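*Asks:* coords below, sequence missing:
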């Protein structure tokens, strides 16, 4: 149970963040050492910066990133056994992962034995590894190795013509080479189409509004948490504790109450800052469309929903709260108040975990390093507010509603909301990998059922186990619940036309794009004919039209909002369809490239692009210096240079039309 509880706690704080600066604490080199009996060793050797460590092999799925050997292409050679660590391995129990970890410091060596099966061989492989220090971890990284040549097999006779060629390949030690071994670059990546462009962003900066939304979402989540059965009954007891202190020294009592509220904020804000430092943006951007990660989030939110429905209760071990509470009793001053606040966090975990989980899971795709800290600050501020206010103004407690069945109703309603949000993450994985198990009509059908059941519950027609425990089942529902039920029914009815292609703008940010719908009566949908950059540019040159380049993503919420709120405007749709060649590039498309691409970033680091989405993501960052979606650029089809600035998320249709008209005018002037 302890292990499960810790994993649950960690799972609720998975969010996206970004490093303050680029770090490179591990430096790998690789070589091929020839052995006897047609065997050889691929040796990966790392020098590790002070304070950092590289994890060893086979640590399991519940631990950090283990070192692993991955083959891209092995022709004429096969692996023998598993990847082996060599050198001084440090073993240490880690409280965070609740397991014994094995890792290297200063220097790390990993060896993969191989056997040659043909005289002519090609090796294309890489070592994936994880590295951390005491404060943060790097995203999973790769050390690559590539080599091709000839060897003389011990069981194969060699003629005179071949003998001279084989002399150079008889047991040798190849000089160490860099971990990213450059192969022949893909021509298109270095053609004029990919040359960096200089432009200004004409669109509104979305950061302030996005951050305000995250702060507001956290604050609302905190208010909902206050009303949970685990927290609301605690308020009078906590307030009475501070009032007793205030009898002897009123100023001290007020100061202690404020300190208690600030302690709650510090604890939750600390969680947000911890995950900001712990996770790198590259890792979480990749995880945000990773099938396993999104399916995990889907299952996690389903578990939280079932917990709110009353099937089971998620609890931390009671000994944790008892130990912290005893420490608070033994100490005095500010430390005791802080430990009291920490006890509240532990005791209320069963109610707050699903809300925190939903909040922080939502920030996974926000793309801003402030998101987790800001969301947790909003949550903690709302949670701490009633404790502080009731301590300062104790007469307000007489007017506060008493605990009762309304808390159970609120929990069940939140369970339905979590269940609906869970489908969003399953949809992201489905779109990125093309499974087609949750197309738009299936998604809308499930949401219609969920919100219809929510309406039935609020109207009193559907009951749960906790409602039976609560008392009279025939007791009529309060007016506010019935009104909420009618609103939920209306929302379900609103989505029904979407099954035949209606835009349903209110859910466009969550539902899959309309092009995934098999039966669609809406013939005004704007859909890109080209999802390949080079093919779209060639078509634009042939037709003599400017290019409207749309960097988007299957899991991009704001992209769906723009398509539903702006692209559906008849004027915008007409221009995108008739005046431009629309190219949509999905940066999270997990389709493997026919041949991996080797590219060099602005810092001179070489990396390999293995998926279609990675290729388009590199194009956006390399050519336009941007990495957020949605991102819109208008290009000249001949020069591949921008005809105007760029635009980001902004639902101002008039400004969007002005952006489109400006690009057309500049293109015609150039002609």
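*Replies:* Okay, I see it. Source: prediction; values computed, not measured.
*Asks:* which ones are touching residue 465?
*Replies:* Shown here is residue 465, whose contacts under the criterion Cβ atoms under 8 Å, 6 or more residues apart in numbering are 310, 311. Where C-beta positions appear, they are placed from N, C-alpha and C, glycine not excepted.
*Asks:* helix, strand, or coil at the nearest residue to residue 641 once chain neighbours are set aside?
*Replies:* Closest residue to residue 641 in three dimensions, ignoring its sequence neighbours and counting by Cβ to Cβ, 6 or more residues apart in numbering: residue 197, at 5.5 Å. Applying DSSP: H, G, I helix; E, B strand; the rest coil to residue 197 yields a three-state assignment of coil.
*Asks:* what about residue 197, how many residues nearby?
*Replies:* Counted with other Cβ atoms under 10 Å, the burial measure for residue 197 works out to 16 neighbours.
*Asks:* what do you get for residue 526?
*Replies:* Look at residue 526: counted by other Cβ under 10 Å, it has 20 neighbours.
*Asks:* now do the one 10 residues further on
*Replies:* Neighbour count of residue 536, defined by other Cβ under 10 Å: 23.
*Asks:* helices or strands up against the host helix or strand of it?
*Replies:* Under DSSP states H and E, the secondary-structure element containing residue 536 is helix 533-543. Packing partners of helix 533-543 (3 or more Cβ pairs under 8 Å, 6 or more residues apart in numbering; DSSP states H and E): strand 547-552, strand 581-586.
*Asks:* could you rerun that using 10 Å?
*Replies:* strand 547-552, strand 581-586, helix 612-624, strand 631-635 (3 or more Cβ pairs under 10 Å, 6 or more residues apart in numbering; DSSP states H and E).
*Asks:* which of those has the lowest average pLDDT?
*Replies:* Ranked by mean pLDDT, the helices and strands packed on helix 533-543 bottom out at helix 612-624, which scores a mean of 85.
*Asks:* quick one: low-confidence parts of the stretch 201-350 of the chain?
*Replies:* Where the stretch 201-350 of the chain drops to pLDDT under 70, the residues are 201-211, 228-230, 232-234, 236-250, 253, 271-291, 313-333, 345-350.
*Asks:* circling back: can you list the helices and strands packed on helix 533-543 in CSV and add mean neighbour count and distance to residue 641?
*Replies:* Conversion of the helices and strands packed on helix 533-543 to CSV gives the following (neighbours: other Cβ atoms under 10 Å; distance: least, Cβ to Cβ, whole Å):
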stretch, mean neighbour count, distance to residue 641
strand 547-552, 26, 11
strand 581-586, 24, 15
helix 612-624, 21, 10
strand 631-635, 25, 7
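*Asks:* so for residue 267, which of the ones you listed sits nearest?
*Replies:* If you check each of the helices and strands packed on helix 533-543 against residue 267 by Cβ to Cβ, helix 612-624 wins as the nearest, at 36.1 Å.
*Asks:* just want the angle from the closest one to strand 581-586.
*Replies:* An angle of 120 degrees separates the directions of helix 612-624 and strand 581-586 when computed by axes from the mean of the first three to the mean of the last three Cα atoms, to 10 degrees.
*Asks:* check which helices and strands helix 612-624 sits against.
*Replies:* If you count contacts as 3+ Cβ pairs under 10 Å, 6+ apart, helix 612-624 packs onto helix 281-287, helix 533-543, strand 547-552, strand 581-586, strand 592-600, strand 606-611, strand 631-635, strand 642-647.
*Asks:* closest to residue 481 out of these?
*Replies:* helix 281-287 (38.4 Å).
*Asks:* mind checking what helix or strand follows that closest one in sequence?
*Replies:* Downstream of helix 281-287, the next assigned helix or strand under DSSP H and E is helix 291-308.
*Asks:* report the buried residues of that next one.
*Replies:* Of the residues in helix 291-308, those with enough neighbours to count as buried (16 or more other Cβ atoms under 10 Å) are 293-294, 296-298, 300-308.
*Asks:* same question, stretch 431-441
*Replies:* Residues of stretch 431-441 classed as buried under the neighbour-count rule (16+ other Cβ under 10 Å) are 431, 432, 433, 438, 439, 440, 441.
*Asks:* that stretch: end-to-end distance?
*Replies:* 14 Å (Cα to Cα, to the nearest Å).
*Asks:* coming back round to it: and the furthest pair within the buried residues of helix 291-308?
*Replies:* Of all pairs in those, the most separated under Cβ to Cβ is 293 and 308 at 22.9 Å.
*Asks:* does residue 592 have beta-bridge partners, and which?
*Replies:* residue 611 (DSSP bridges).
*Asks:* per-residue confidence at it?
*Replies:* According to the model, residue 592 carries a pLDDT of 87.
*Asks:* which residues touch it?
*Replies:* Contact criterion Cβ atoms under 10 Å, 6 or more residues apart in numbering gives 610, 611, 612, 614 as the residues in contact with residue 592.
*Asks:* now the helix or strand where residue 378 lies: average pLDDT?
*Replies:* For residue 378, the host element (DSSP H and E) is helix 371-392. Along helix 371-392, the predicted local confidence has a mean pLDDT of 77.
*Asks:* which strands and helices sit next to that helix?
*Replies:* With contacts defined as 3+ Cβ pairs under 10 Å, 6+ apart, the packing partners of helix 371-392 are helix 207-226, helix 234-248, helix 250-278, helix 334-347, helix 349-362.
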